[in-house]
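1. fold the following.
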Amino acid sequence: MENKIRLSPKRILNKEFSIETKGYSANEVDSYLDIVKEDYLNFQSMLNESYDEIESLQKENAALRRKLNELLRERQDQRDNAHVMEESLNNNVDVLRRISQLEREVYHKNKD
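-> Residues are numbered from 1 along each chain as shown. Okay, the predicted model is just below:
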């Protein structure tokens, strides 16, 4: 199925039909073509609005994807920082234990 539009409102309006004896009423055909033209314009307008909405939604989607990636990077950075802080805290606790042990040893040596 091709997406090629073969008619336009102007082409519909300017369509000439051959006149034959016992043919269709020219006024009736013109009235009907006016309705077809109006519908065609409405469809064209709806299609344009749909294209605009698609474009807008694609831009919004791209912006949301960028924001998601940014937030995922921030979350990973925070996890990395938390890991570094946890290691640092563990090292500090270990240093405090050693200092405490040394203080006890010094205290006991001075007491004796």
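
2. which strands or helices does the helix or strand residue 41 falls within pack on?
-> Assigning secondary structure by DSSP states H and E places residue 41 in helix 26-111. Using 3 or more CB pairs under 8 Å, 6 or more residues apart in numbering; DSSP states H and E, the elements in contact with helix 26-111 are helix 9-13. C-beta coordinates here come from the backbone N, C-alpha and C atoms, glycine included.

3. for the helix it packs on, C-alpha coordinates in PDB please.
-> Extracted C-alpha coordinates of helix 9-13, given in PDB (Å, rounded to 0.1, in the frame of the first residue of the first chain):
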ATOM      1  CA  PRO A   9      -8.800  19.800  -2.700                       C
ATOM      2  CA  LYS A  10      -8.100  21.900  -5.800                       C
ATOM      3  CA  ARG A  11      -8.000  18.900  -8.100                       C
ATOM      4  CA  ILE A  12     -11.300  17.600  -6.700                       C
ATOM      5  CA  LEU A  13     -12.900  21.000  -7.100                       C
END
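
4. could you list the buried residues of that helix?
-> Across helix 9-13, burial judged by 16 or more other CB atoms under 10 Å covers residue 12.

5. next one: stretch 28-35
-> Here stretch 28-35 shows residue 33 as buried, counting by 16+ other CB under 10 Å.

6. list the contacts of that stretch.
-> Contact with stretch 28-35 is made by 12, 13, 15, 17, as judged by CB atoms under 8 Å, 6 or more residues apart in numbering.

7. from residue 106, how far out is the closest residue to residue 40 other than its chain neighbours?
-> In space, residue 40 comes closest to residue 9 once its chain neighbours are excluded; the distance is 5.4 Å by CB to CB, 6 or more residues apart in numbering. For residue 9, the distance to residue 106 equals 99 Å [CB to CB, to the nearest Å].

8. and what of residue 87?
-> According to CB to CB, residue 87 and residue 106 sit 29 Å apart.

9. for residue 48, same thing?
-> Taking CB to CB, one finds residue 48 at 86 Å from residue 106.

10. and for residue 13?
-> To residue 106, residue 13 is 105 Å away according to CB to CB.

11. quick one: contacts for residue 18?
-> So residue 18 contacts nothing (CB under 8 Å, 6+ apart).
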